[in-house]
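[1] Here is a sequence together with a model predicted from it:
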Amino acid sequence: MRVLIVDDEPSIRKTTGLAVEAMGYEAVGVPNGLRALKELETEPFGACFLDLKLGTEDGLAVLDKLLKAQPGLPVVMFTAYANISTAVDAMRRGAYDFIPKPFTPEQVRQVLDKISRTHRLEKRVAQLESQITDESPAVDLTSEEVAMQRTLVIAFKAAETSASILILGPSGTGKSVLAREIHRRGAQKENPFVTVNCPSLSKELLESELFGHVKGSFTGAVSDTVGKVAAADGGTLFLDEIGEMPLEIQPKLLRLLQEREYERVGESRVRKANVRVIAATNRNLAEEVKAGRFREDLYYRLNVITLTLSGLRDRPADFSRLAGSYLDFFARRIGKKIQGFSPEVDAAFNGYTWPGNLRELRNVIERAVILAGGDSITLEDLPEEFAAPADSRVTVGGRVTLDELESEHIRRVLATTKTLDDAAKVLGIDPATLYRKRQKLGMI
């Protein structure tokens, strides 16, 4: 790491440089802001020490110029005029830290250690982001279908506001992907995006997951927990499958939306949270309201901006592009050269209903790429349901047995849900019964 030292006193530059070099870093000392800017033009620095008083120069003005020349540069201010107001002003204008004169070499080492740890964390985050990108297909938020185009235009306009957004659509259509993109395009993009999966927990645990709890508030509460609302403060709280949220918790969510207030479980203290709420569901919430399973006032509070995502079979103009994109991604990742799909595969894809939508398409193509032995995907590479003629596939009202119908229904539900517990809830049976049925039907 190269460290720039900007101070008009030669002795300060020398002692600071010795401390920097003792840590194995390169020290470059200059007496004024002009020289500092010239150094930044030659090569970026990993850190900078800057005196608040540089002869006739104002160190804070130099700070502004340095950060403009190299955004994100960690600048540590030196000053013999140490007081709270200058420290606050320097930090507000982008300084990384503040050391009063006279200082010791140990103080210099400590702040450089902290900067070095920050650099390592930033590199690790970049590495993980790159890894995620390598392991997941690129997000495709474009469409040739008019209805989807209209939905995306509204979504990206709404992203620039703080309005609550409700995303509707069947499972597997990319509701969580769109929610993340809305967050990425919003003013809160630098703050957390926190997901709560509403069907995954019991009423008691879901309330604790959302709002947090205090120690001893219920069995198993061995310590205080802040909750997802606090974790999302300043950012976005994404409530996935909100149609599954128990009625008992809905008034508390309504209060959060209206008053920006909440209380942890077992605590009477009112807390504030500045969160943008995006909710998603595959249920018809208007029907849920009529059935008394969802609060009408919460529905209208969430329903400021509604976005409806189409199922894959309703996006014929997009299908070839999406399938080709998945094929290119998985072929590249696995290291196979696959040119495309055989005409028989194209016909099978066109005749299929795709109940699992984009999620199912991705899984089918990943499987096909793994199994493919040639330079194109053939029917032999697809799951067995694609090999059957369209008129012989299992459909309600078709010439099939109840066992065949049950088997197909269970398979399709499993394809469109994230966990076995979720699938069991959709089917209206407990997980143990689902396990036995899968075993009987030869699915495991």
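    Noted; the coordinates are in hand.
[2] Show me the contact partners of whichever strand or helix holds residue 404.
    Using DSSP states H and E, residue 404 maps to helix 402-416. Applying Cβ atoms under 8 Å, 6 or more residues apart in numbering, the external contacts of helix 402-416 come out as 170-172, 355-357, 359-360, 363, 385, 394, 396, 400, 420, 423, 426-427, 434, 437-438, 441, 443. Glycine gets a C-beta too; all of them are placed from N, C-alpha and C.
[3] Of those residues, grab the buried ones for ChimeraX.
    A single ChimeraX command selects the buried members of the contacts of helix 402-416 (16 or more other Cβ atoms under 10 Å):
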select :170,171,172,355,356,357,359,360,394,400,423,426,427,434,437,438
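[4] Among the contacts of helix 402-416, which ones are in helices?
    357, 359-360, 363, 420, 423, 426-427, 434, 437-438 (DSSP state H).
[5] got the CA positions of the helix holding residue 404 in CSV?
    C-alpha atoms of helix 402-416 as CSV (Å, rounded to 0.1, in the frame of the first residue of the first chain):
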residue,chain,number,x,y,z
LEU,A,402,-55.8,-40.5,-10.2
ASP,A,403,-52.3,-41.8,-9.3
GLU,A,404,-50.9,-40.3,-12.5
LEU,A,405,-52.7,-37.0,-11.8
GLU,A,406,-51.4,-36.9,-8.2
SER,A,407,-47.9,-37.7,-9.3
GLU,A,408,-47.9,-34.9,-11.9
HIS,A,409,-49.4,-32.4,-9.5
ILE,A,410,-46.8,-33.2,-6.8
ARG,A,411,-44.0,-32.9,-9.3
ARG,A,412,-45.2,-29.5,-10.5
VAL,A,413,-45.7,-28.1,-7.0
LEU,A,414,-42.2,-29.3,-6.1
ALA,A,415,-40.8,-27.5,-9.2
THR,A,416,-42.4,-24.2,-8.2
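[6] quick check: mean pLDDT across it?
    Averaging pLDDT along helix 402-416 yields 79.
[7] Now that helix: buried residues?
    Buried-residue list, helix 402-416, by 16+ other Cβ under 10 Å: 406-408, 410-416.
[8] between those residues, which is nearest residue 232?
    residue 416 (27.0 Å; Cβ to Cβ).
[9] With distance to residue 79 as added columns, please give the buried residues of helix 402-416 in JSON lines.
    Shown next, in JSON lines, are the buried residues of helix 402-416 (distance: Cβ to Cβ, whole Å):
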{"residue": "406", "distance to residue 79": "76"}
{"residue": "407", "distance to residue 79": "75"}
{"residue": "408", "distance to residue 79": "74"}
{"residue": "410", "distance to residue 79": "70"}
{"residue": "411", "distance to residue 79": "69"}
{"residue": "412", "distance to residue 79": "68"}
{"residue": "413", "distance to residue 79": "66"}
{"residue": "414", "distance to residue 79": "64"}
{"residue": "415", "distance to residue 79": "64"}
{"residue": "416", "distance to residue 79": "61"}
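[10] Output the below-cut-off pLDDT ranges for this structure.
    Counting by pLDDT under 70, the chain shows low-confidence ranges at 81-84, 126-136, 387-399, 415-416, 418, 442-444.
[11] measure stretch 266-274 end to end?
    Start and end residues of stretch 266-274 are separated by 22 Å (Cα to Cα, to the nearest Å).
[12] for the residue nearest to residue 383 when sequence neighbours are not counted, what are its contacts?
    Nearest residue to residue 383, sequence neighbours excluded (Cβ to Cβ, 6 or more residues apart in numbering): residue 364, at 6.5 Å. Counting by Cβ under 8 Å, 6+ apart, residue 364 touches 382-383, 386.
[13] got CSV for those residues, with neighbour count too?
    Shown next, in CSV, are the contacts of residue 364 (neighbours: other Cβ atoms under 10 Å):
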residue, neighbour count
382, 21
383, 13
386, 19
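[14] Does residue 151 touch residue 306 like I think?
    No - using Cβ atoms under 8 Å as the test, residue 151 is too far from residue 306 to be in contact (9.4 Å).
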